[in-house]
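[1] Predicted model and sequence follow; I will ask about them next.
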Amino acid sequence: MATNNREFAYDVVPIMRGDRSAKAVRITCAKCEAKHDFPVTGRPPPPEVVARWAVREGWQSNAWRRSACVCPACIRGKTKHTLSREPILNPEKVIPMPETKPAPVPRELTQQERLKIRAILDRQFDDGAGCYLDGYSDQKIGEEVGVPWALVTKIREAAYGPIRVDPEVAALRADLTMLRRAADELSDKVAAMELRLAVLTKKRAA
């Protein structure tokens, strides 16, 4: 599934909710092909929202890169399995998701990487309130710098303190921020199209 030449990191699939058919967005582990379904109603949410849902379930995820989606089991080097929140039309064997933890730290950061992370934390983390600003997270910083997000967590907790805001509240605020931005971008596009239409109409009438 793609738009503007960018590939979504999830698929829209049919599922069963009780005795009724419904649909869900499905993420797939790039390493072992384990799957996790998020039931949805109406139109599928923006890819960034799905990626944030996946992170809450212990996955490593990226809105636009399927290769960056890694399930909790593979993060810990365990055997592959299939995760599903709802039964699907063609059910596969379901194994309960293990307890989620940050990804293991595979290496030490370089001095340049540390400086980049600290600079972003200075701008985007309110240590007084104990929360990120502008929809940022350990994972987002890890993606920007190109390092495992567990390393970002380590630096943030040591230098700026723990996250003290309810994670669900913070995630909802971040989702609302992204949706507002998407709405603003759509509004700008509508305004531009209306202006173009007015210009073309005026030319045709001349």
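    That came in fine, so what should we check first? Since the structure is predicted, the reported quantities are computational estimates derived from the model, not experimental observations.
[2] Restrict the helix or strand where residue 117 lies to CA atoms and write it as PDB.
    Using DSSP states H and E, residue 117 sits within helix 111-124. Output of helix 111-124 as PDB, limited to C-alpha atoms (Å, rounded to 0.1, in the frame of the first residue of the first chain):
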ATOM      1  CA  GLN A 111      30.800  11.100  20.800                       C
ATOM      2  CA  GLN A 112      29.000  12.700  17.800                       C
ATOM      3  CA  GLU A 113      25.900  10.500  18.300                       C
ATOM      4  CA  ARG A 114      25.800  11.500  22.000                       C
ATOM      5  CA  LEU A 115      26.000  15.200  21.100                       C
ATOM      6  CA  LYS A 116      23.200  14.900  18.600                       C
ATOM      7  CA  ILE A 117      21.000  13.100  21.100                       C
ATOM      8  CA  ARG A 118      21.700  15.600  23.800                       C
ATOM      9  CA  ALA A 119      20.900  18.500  21.500                       C
ATOM     10  CA  ILE A 120      17.600  17.000  20.600                       C
ATOM     11  CA  LEU A 121      16.700  16.300  24.200                       C
ATOM     12  CA  ASP A 122      17.600  19.900  25.100                       C
ATOM     13  CA  ARG A 123      15.000  21.100  22.600                       C
ATOM     14  CA  GLN A 124      12.300  18.400  22.900                       C
END
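[3] which strands and helices sit next to that helix?
    For helix 111-124, the contact count by 3 or more Cβ pairs under 8 Å, 6 or more residues apart in numbering; DSSP states H and E identifies helix 138-145, helix 149-159 as packing neighbours. In short, each C-beta sits where N, CA and C put it, glycine included.
[4] For the longest one, buried residues please.
    So that's helix 149-159. Burial within helix 149-159, assessed by neighbour count using 16 or more other Cβ atoms under 10 Å, is assigned to 149, 150, 151, 152, 153, 154, 155, 156.
[5] what angle do it and helix 138-145 make?
    Our comparison of helix 149-159 with helix 138-145, counting by axes from the mean of the first three to the mean of the last three Cα atoms, to 10 degrees, yields an angle of 110 degrees.
[6] Now do helix 149-159, average pLDDT.
    The average of the pLDDT scores along helix 149-159 is 90.
[7] what's downstream of that helix, the next helix or strand?
    helix 167-205.
[8] Any idea how far that next one is from the middle of the chain?
    Put simply, helix 167-205 sits 21 Å off its chain's centre (Cα atoms, centre = their mean, to the nearest Å).
[9] Spell out for me which residue occupies the centre of the chain.
    For the chain, the residue nearest the mean C-alpha position is residue 51 (2.0 Å; Cα atoms, centre = their mean).
[10] how about it, secondary structure?
    Counting by DSSP: H, G, I helix; E, B strand; the rest coil, the backbone at residue 51 sits in helix.
[11] my guess is it meets residue 62, correct?
    Yes: counting by Cβ atoms under 8 Å, residue 62 is a contact partner of residue 51 at 6.1 Å.
[12] Mutual contacts of those two, please.
    Common contact partners of residue 51 and residue 62 (Cβ atoms under 8 Å, 6 or more residues apart in numbering): residue 9.
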